[in-house]
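Pasting the sequence and the predicted coordinates here, then a few questions.
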Amino acid sequence: MFILIIYDISDNETRFKLANYLKSKGFSRIQRSAFVGKPIPATLRDVERSLPRYINSGEDVIHLIPLLEYSVQHVRVYGKPSAEITTERKLLVIE
């Protein structure tokens, strides 16, 4: 299963740290505040436990959205994507 993580974090430093954390966990950036990946269950549990530390509950939000492989196979992208989503590997391939 793919996981889409999108966020709205007000603090620049926190936003930068979150992006680096998600990259370190094998997620690929598909837009400025959107990452997608196909983590193994243990990695996903780690990410789910870690996300709350990146939010200021009065202002910020992080969405973790599971995506079925069928949905990913039917994604339509208009414009130049930051990354290509592939269902052939556990991680995304960045062009």
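Nice, thanks for sending it over.

can you list the weak-confidence ranges in this protein?
Scanning the chain for pLDDT under 70 picks out the ranges 82-95.

any chance you could map the strands in the protein?
2-8, 28-31, 34-37, 61-67 (DSSP state E).

from these, which stretch is densest packed?
Greatest average neighbour count among these goes to strand 34-37 (a mean of 22), per mean count of other CB atoms under 10 Å. The way it works is simple: take the backbone N, C-alpha and C, and place the C-beta from them, glycine included.

next one: that strand to chain centre, how far?
Relative to the centre of its chain, strand 34-37 is centred 2 Å away, using CA atoms, centre = their mean, to the nearest Å.

again with stretch 30-48
5 Å.

Please work out how many residues are found near residue 13.
Neighbours of residue 13 under the rule other CB atoms under 10 Å: 8.

Can you say which of the strands of the chain is nearest to residue 15?
Residue 15 lies closest to strand 2-8 among the strands of the chain, at 7.6 Å (CB to CB).
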